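*Asks:* How does the following fold in three dimensions:
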Amino acid sequence: MKKIMKYMVCLVLILGTTQCKDYLDVKAPNRSDDLFVTASLSEANKMLSWLYGQYRLLVKGRNYNFQDPLGSFAEFMHESTATTNNTIARLEPEAMATTMESGSVGFCFDEASRAMGRAELIMDAIAATDGYQSGDPGWLQAYGEAAVMWALCAFKHAIHFGDVPFGYTNKYVEEYTLMSRFDIFDLAIEQLKEVEGTMYRVGEGGITAERLNRSFANALIGQIALYAGSWQTIRLDADAKRGQPTVTSPGALYAGRTFEPYKWEDLNSSGRDGAGAECAYTRLVKAERDVYLNMAADYLDRAINGDAKGSVIKLFETDPRTDVNNAPQLHWQIINDRGRNPHAFGGASPESFFEVGCIQDQNAADQEHPYSMGRAAANAALGGHNLNSFGAIRIIPNYYYKSYETGDLRRDFSMVVTGHNGGAAAGNIGAANTIIPAPAGAETLIPFNANTRVAGGGVSISKWDFNISTAPSALPAPRRSGMNYTVLRMPDAMLMLAEAYAQTGNEAGAIALVNKIRARAGVGNIGALTGDALLDAIYNERALELIGEGAIRWDMIRSGNFNELATAARNEFNAMLDGLEANGYYTFNQGQLNERTISDYVWVKLVSIDGETKVVRNADPNDPAKYPGWRGVYDWNPTGQAKNLAIRGLFDRIVPGSPEAVALEADGYTRLDWGRTLPANRNAFLRNFLPGMVGRATMPPRYYHPIPADIITAPEASFVSNGYGLPQR
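*Replies:* Residues are numbered from 1 along each chain as shown. Next up is the predicted model:
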């Protein structure tokens, strides 16, 4: 067995819960059941397919991908009533239950544990085969896939749960303790370095981006190293370390590591806040973090520019489509087409290092795109088409209005103010003054009501949308779309490399990468920035590029500016509501080219458009039915009725009763409440928009999931507890 396996995770597996009993009964390597795994490479690949299925459950993260996209300065989850679906996203982890059955807590802890434990057995069995020992490329690839899956799950485990019990799988244990997330990062990196050179790049040996590969392994080393070298919240409680930590000696848990305090912290004293959380927002001192940051720059460069890249993975810099000119959207077109209509590029996107494969109408309840994370739609069917989309990820209105420069090609296919009424009867969704009578299958404005789906919540994510598939097909139920999960794609990796470059002295290289991303989006260069200004520009670009994908929250943490960014966004949201309440409008970016105004009302009417089966792909600022672009609806119910929504007053103020308003109403437009609804729902929005920051502006952000109670209450775990103010029961 490889030396790294001696560290395998204890997790939930050692506790003998009923849920995990099947794994505990698996025999150790070199027993008779290994013949099934190792009899042939095809049999080994069957076991690997189980690992991919486990990771599909994990990346799904109990509906919301570990809640990563649900709590940032740009994104939140809006529900009309209190819910535990976004407890961690709200930064209120003390409200999270810790039982193994409680949604994402036990589920994700358990599924990561299962995947790592099974990966260890598969690796051990493959390593004993003649094919592996003789260096057969197929066997080396299979071993590498199990090893990369182990490292990926270990990384996810550490960033979501912090310091966890680690190193006890398949052992008789009398006592176990926590392992530092830095040690877990090191073990994952060591494992990846051991195998990356023996694996196929994407495009070699029949390996696609739906299989773990050399290209992704190198990028993952860079990503883990970048996280290790960045700001994060660590534990300071003595119980976790069997010794009181200090600035220069952080205790047994972080032995050998030295940290620097955040600008409003003193690691010796002020890391203890009113919630009983003994923790600090900190990063390694420069000499120690530079080891990781230089490693991140090295391996991300290998994946993007070096021999690990291969010939398939690329950045779409131009759009080959004749009817659309939007290179950044092409990746999402392929994702939306996946499983329903064969695309010219095949199953996986050439921008992807790794995608979790899904099959339409299979893996029931395993596919959250577009149901939980896509464009909102009514909970109704239409002619056999199930168009139900909960649309859990919503955009903070101030981000929608202020963030993207005029002409940025990414805005419209990323965020949308309209949804789909599905087969809902006319006028039965939304509240008074927020909906107009419409035929089934029509586009509808998503109001800022305290409601869900298309009936409230406001601006929705639109990267995943039933309507934009090249040839949509009927689905019998939600969560079966066939859309793959994108785990890592080229723009994400490039901007992480820019982040590493900016911190290791290659500022010119960082600027070049950012400008390359911006050029394909149709916006200008960032200029010759340096220092913190350059890092801020990189994080801003990552938000514009990756909104809805679960990256912004982690960028806020790594930047060291989490509290400042979160507090500023909440303050701006309140200022917008105050302006709407007092004046009927609020203007963002005043005096700038992308000045935009949100006002109390918009004017809308249903119209028909020609071509594109009623889906608007190319924005036309002169056509209110085609601006913003990337909306409309597929003609699921071809009756010839007008189904596209023309909108006036979305970005500028039209005064009720003014000549412009009178003319619009004479032309058939109806005035609907828009910004006017926000002040009345202030509390409902603020309940879900990072409320855990209230009163904690100078306290460490607490973004971890609690280790399940089943683990920390076990007799063997006398030195294991939840930190950061998380519950113990």
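*Asks:* And Thr587, what's its pLDDT?
*Replies:* pLDDT, Thr587: 98.
*Asks:* ugh, typo on my part, it should be Trp554
*Replies:* pLDDT recorded at Trp554 is 97.
*Asks:* what's the answer for the one 4 residues further on, then?
*Replies:* With respect to pLDDT, Arg558 scores 97.
*Asks:* What of the one 10 residues further on?
*Replies:* Taken from the predicted model, the pLDDT recorded for Ala568 is 96.
*Asks:* quick thing: my sequence starts at 57, can you match it?
*Replies:* New numbering, starting at 57: the last item is Ala624.
*Asks:* That one reaches Ile452, doesn't it?
*Replies:* No: with contacts counted by Cβ atoms under 8 Å, Ala624 stays clear of Ile452, the gap being 11.5 Å. In this view, the C-beta of every residue, glycine as well, is placed from N, C-alpha and C.
*Asks:* Identify the contacts common to those two.
*Replies:* Common contacts of Ala624 and Ile452 (Cβ atoms under 8 Å, 6 or more residues apart in numbering): Phe129.
*Asks:* quick one: contacts of the helix or strand where Val570 lies?
*Replies:* Assigned by DSSP states H and E, Val570 belongs to helix 563-576. Applying Cβ under 8 Å, 6+ apart, the external contacts of helix 563-576 come out as 371-374, 383-384, 465, 547, 550-551, 553-555, 557-558, 580-586, 590, 593-594, 597, 601.
*Asks:* Remind me what the helix or strand following that helix packs against, helices and strands.
*Replies:* Using DSSP H and E, the helix or strand that follows helix 563-576 in sequence is helix 587-602. Helices and strands touching helix 587-602, by 3 or more Cβ pairs under 8 Å, 6 or more residues apart in numbering; DSSP states H and E, are helix 546-559, helix 563-576, helix 608-615.
*Asks:* what's near enough to touch Tyr455?
*Replies:* Each residue near Tyr455 by Cβ under 8 Å, 6+ apart is listed here: Phe129, Ala130, Glu131, Ala625.
*Asks:* So which of these belong to strands?
*Replies:* Judged by DSSP state E, these include Glu131 as members of strands.
*Asks:* so Asp729 makes contact with Ser655?
*Replies:* No: the pair Asp729 and Ser655 does not pass the contact test of Cβ under 8 Å, sitting 10.5 Å apart.
*Asks:* Could you export the helices and strands packed on helix 587-602 as JSON lines, including distance to His216?
*Replies:* Shown next, in JSON lines, are those (distance: least, Cβ to Cβ, whole Å):
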{"stretch": "helix 546-559", "distance to His216": "18"}
{"stretch": "helix 563-576", "distance to His216": "27"}
{"stretch": "helix 608-615", "distance to His216": "10"}
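*Asks:* what's the most buried one of the ones you listed?
*Replies:* helix 546-559 (a mean of 26; mean count of other Cβ atoms under 10 Å).
*Asks:* Can you tell me what sits against it?
*Replies:* By Cβ under 8 Å, 6+ apart, the residues outside helix 546-559 that reach it are 275, 278-279, 282, 285, 349-350, 352-353, 356-357, 359-360, 369-371, 384, 407-409, 563, 565-567, 569-570, 572-573, 590-591, 594-595, 597-598, 601-602, 605, 607, 614.
*Asks:* By neighbour count, sort out the buried ones in the residues you listed.
*Replies:* Buried by 16 or more other Cβ atoms under 10 Å: 275, 278-279, 282, 285, 349-350, 352-353, 356-357, 359-360, 369, 371, 384, 407-409, 563, 565-567, 569-570, 572-573, 590-591, 594-595, 597-598, 601-602, 605, 607, 614, out of these.
*Asks:* ok, now which ones touch Glu716?
*Replies:* Here Glu716 is in contact with Ile710 (criterion: Cβ under 8 Å, 6+ apart).
*Asks:* That should have said Arg467, apologies.
*Replies:* By Cβ under 8 Å, 6+ apart, Arg467 lies in contact with Ser459, Tyr460, Pro684.
*Asks:* Now with 7 Å, please.
*Replies:* Applying Cβ atoms under 7 Å, 6 or more residues apart in numbering, we find Arg467 in contact with Tyr460.
*Asks:* Per-residue pLDDT of it, please?
*Replies:* Arg467 is given a pLDDT of 98.
*Asks:* Look at it and give its secondary structure.
*Replies:* Following DSSP: H, G, I helix; E, B strand; the rest coil, Arg467 is assigned to helix.
*Asks:* next one: Gln784
*Replies:* Counting by three-state DSSP, the backbone at Gln784 sits in coil.
*Asks:* Skipping adjacent residues, who's closest to it in space?
*Replies:* Using Cβ to Cβ, 6 or more residues apart in numbering and skipping residues adjacent in sequence, the residue nearest Gln784 is Asn778, 5.6 Å away.
*Asks:* cool, Leu746 as well?
*Replies:* Using Cβ to Cβ, 6+ apart and skipping residues adjacent in sequence, the residue nearest Leu746 is Ala622, 4.9 Å away.
*Asks:* what do you get for Met179?
*Replies:* In space, Met179 is closest to Ala202, 4.7 Å off (Cβ to Cβ, 6+ apart).
*Asks:* That neighbour and Tyr256, how far apart?
*Replies:* 14 Å (Cβ to Cβ, to the nearest Å).
*Asks:* Tell me, how many residues neighbour the closest residue to Pro426 other than its chain neighbours?
*Replies:* Distances taken as Cβ to Cβ, 6+ apart place Trp520 nearest to Pro426, at 3.7 Å, with adjacent residues excluded. Per other Cβ atoms under 10 Å, the neighbour tally for Trp520 reads 24.
*Asks:* Would you enumerate the residues in contact with Trp520?
*Replies:* Asn392, His425, Pro426, Met429, Gly430, Arg431, Met539.
*Asks:* let's see 10 Å
*Replies:* Going by Cβ atoms under 10 Å, 6 or more residues apart in numbering, Trp520 touches 388, 391-392, 424-431, 445, 447, 449, 537, 539, 542, 604.
*Asks:* Which of those fall in helices?
*Replies:* Among these, the subset assigned to helices under DSSP state H consists of Trp388, Ile391, Asn392.
*Asks:* The protein - how does it break down into domains?
*Replies:* Domain segmentation of the chain under automatic domain parsing yields 57-118+152-255+761-785, 269-371+547-616, 625-736.
*Asks:* Of all the ones you listed, which one is nearest Asp379?
*Replies:* domain 625-736 (7.3 Å; Cβ to Cβ).
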